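Enquirer: Turn this into a structure:
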Amino acid sequence: MSSTSLAIVTDAWTPQVNGVVKTLQKTRDALEQSGYQVTMLTPADHRTIPCPSYPEIRLALRAGPVIRRQLVALAPDHIHIATEGPLGLAARRFCLDNGLAFTTSYHTQFPEYVRKRLPVPLELSYAFVRRFHRAAAQTMVATPSQQRLLEQWRFGNIVRWSRGVDTDLFTPERRVELDVERPLFTYTGRVAVEKNIEAFLKLDLPGTKCVIGDGPALDELRARHPDVMFTGYKFGTDLAGHIAAADVFVFPSRTDTFGLVMLEAMACGVPVAAFPVTGPVDVVTQAETGFLDQDLRKAALKALELDRGRCRSEALKHTWQAASQQFMNNLVPSG
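Expert: Numbers count the residues shown, from 1 in each chain. Here you go, the predicted structure:
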């Protein structure tokens, strides 16, 4: 009996380091373990140029002919379009031209990201992404709050696709001993304007602030905050050990659709401090695994009081296998 075939089209892929790439990698691995034959259609197959203001993202040039040849050759049972970039647009056009059904997913607050960089009205950006996803049989979102937000912008056919965490990698036992003044408040992720890291770094907090990651805003933030420990990117057990070393994980973003790093911190037994916005409101249990408050300093200080074991217990409920089963259930036959 032949396996079920799936093509996932994504503009976000390695060597990028972000939650979208990690989600797609973990989902691919889980689907392959379940017997799916998964083919990733990524920028690696194309001539590319760097995305303005986000050079780690490579934008494919003349994506249409390559995507067309790939999808014709694959003739997959299911097609999933993960991003709204050049590859996603090309795959969408191919499906519509050939009467093929497909699903999409909404990983990034694209309108809010654009508004951080350019004077583009939210209404215009949301009109673009709404039109993109309207053609899909189903659009997958990670959280209830994200679903409500998109429904307010008149998106339809929305279904849930949650996220998981590798609780074997992210565990309190990997904690490394850092020679810093306690308490240690840590942020992990891309260092860019849309992540709102400045809101964390300007807080009057005791102890030490640490930023793990890289990005276009790194040099500016390092110059502005010489008292902050900037480590650059870390990976694998090194990343897990540095997260586990924190006393509080501070997540200052107001524009993430989920925030995988919060689950990773909780799996390490580290409580979260964040704003009460989409992502944190779905991941953090108030006063149990973290604190959410418009006063981020207050949230960070209150999070110091929380039980680290409770954070770990909550993270154990979020498995990639369960999340990937949701994804599989949401797929539709292409033909």
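
Enquirer: Report the next helix or strand after the longest strand along the chain in sequence order.
Expert: Criterion DSSP state E: the longest strand present in the chain is strand 54-60. Downstream of strand 54-60, the first helix or strand assigned by DSSP states H and E is helix 63-74.

Enquirer: And the helices in the stretch 51-200 of the chain?
Expert: 63-74, 86-97, 110-117, 122-134, 144-152, 197-201 (DSSP state H, counting those that start in this stretch).

Enquirer: Which of those has the lowest mean pLDDT?
Expert: Sorting these by mean pLDDT places helix 110-117 lowest, at a mean of 79.

Enquirer: Quick one: the strands in the stretch 101-250 of the chain, in order.
Expert: Here the stretch 101-250 of the chain has its strands, by DSSP state E, counting those that start in this stretch, at 103-105, 138-141, 158-160, 184-188, 208-212, 229-232, 248-251.

Enquirer: hey, which of the ones you listed is tucked in deepest?
Expert: Sort the strands of the stretch 101-250 of the chain by mean neighbour count, taking mean count of other C-beta atoms under 10 Å, and strand 248-251 sits at the top with a mean of 28. For the C-beta atoms, the positions are set from N, CA and C on the backbone; glycine is no exception.

Enquirer: Just the CA atoms of that strand, as CSV, please.
Expert: The C-alpha trace of strand 248-251 is given here as CSV (Å, rounded to 0.1, in the frame of the first residue of the first chain):
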residue,chain,number,x,y,z
VAL,A,248,12.1,34.4,34.4
PHE,A,249,11.6,34.2,30.7
VAL,A,250,10.5,37.6,29.4
PHE,A,251,8.5,37.6,26.1
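
Enquirer: so what does that strand touch, helix or strand wise?
Expert: If you count contacts as 3 or more C-beta pairs under 8 Å, 6 or more residues apart in numbering; DSSP states H and E, strand 248-251 packs onto strand 184-188, helix 260-267, strand 272-274, helix 296-303.

Enquirer: at 6 Å what do you get?
Expert: Of the remaining helices and strands, those touching strand 248-251 by 3 or more C-beta pairs under 6 Å, 6 or more residues apart in numbering; DSSP states H and E are strand 184-188, strand 272-274, helix 296-303.

Enquirer: mind checking how far the closest residue to Lys202 other than its chain neighbours is from Thr10?
Expert: Nearest non-adjacent residue to Lys202, counting by C-beta to C-beta, 6 or more residues apart in numbering: His225, 8.0 Å away. Separation of His225 from Thr10 (C-beta to C-beta, to the nearest Å) stands at 34 Å.

Enquirer: again with Glu194
Expert: Glu194 is 19 Å from Thr10, by C-beta to C-beta.

Enquirer: With Asp204 instead?
Expert: Counting by C-beta to C-beta, the gap from Asp204 to Thr10 is 41 Å.

Enquirer: Those two: who's more crowded?
Expert: With neighbours defined as other C-beta atoms under 10 Å, Asp204 and Thr10 compare such that Thr10 has more, 23 against 5.

Enquirer: Helix or strand: which one has the residue nearest to Ser145 when sequence neighbours are not counted?
Expert: Distances taken as C-beta to C-beta, 6+ apart put Thr278 closest to Ser145, at 4.4 Å, once the chain neighbours are dropped. Using DSSP H and E, Thr278 is not contained in any helix or strand.

Enquirer: my read: Thr278 touches Gln146, true?
Expert: Yes. Counting by C-beta atoms under 6 Å, Gln146 is a contact partner of Thr278 at 5.4 Å.

Enquirer: out of those two, which sits in the more crowded spot?
Expert: Taking neighbours as other C-beta under 10 Å, Thr278 and Gln146 compare with Thr278 leading, 26 against 21.

Enquirer: returning to what we had before: now distance to Val21 too, for the helices of the stretch 51-200 of the chain, in a markdown table please.
Expert: A markdown table is the format used below for the helices of the stretch 51-200 of the chain (distance: least, C-beta to C-beta, whole Å):
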| stretch | distance to Val21 |
| --- | --- |
| helix 63-74 | 18 |
| helix 86-97 | 14 |
| helix 110-117 | 16 |
| helix 122-134 | 20 |
| helix 144-152 | 19 |
| helix 197-201 | 20 |
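
Enquirer: between these, which gets nearest to Gln25?
Expert: helix 86-97 (16.6 Å; C-beta to C-beta).

Enquirer: in the closest one, what's buried?
Expert: 86-92, 94-95 (16 or more other C-beta atoms under 10 Å).

Enquirer: again with stretch 176-186
Expert: 178, 183-186.

Enquirer: Among the residues you listed, which one sits closest to Ser324?
Expert: Taking C-beta to C-beta as the measure, Ser324 lies nearest Thr186 of the buried residues of stretch 176-186, at 28.3 Å.

Enquirer: tally of neighbours for the nearest residue to the closest one once chain neighbours are set aside?
Expert: In space, Thr186 comes closest to Ala246 once its chain neighbours are excluded; the distance is 3.7 Å by C-beta to C-beta, 6+ apart. For Ala246, the tally of surrounding residues (other C-beta under 10 Å) stands at 24.
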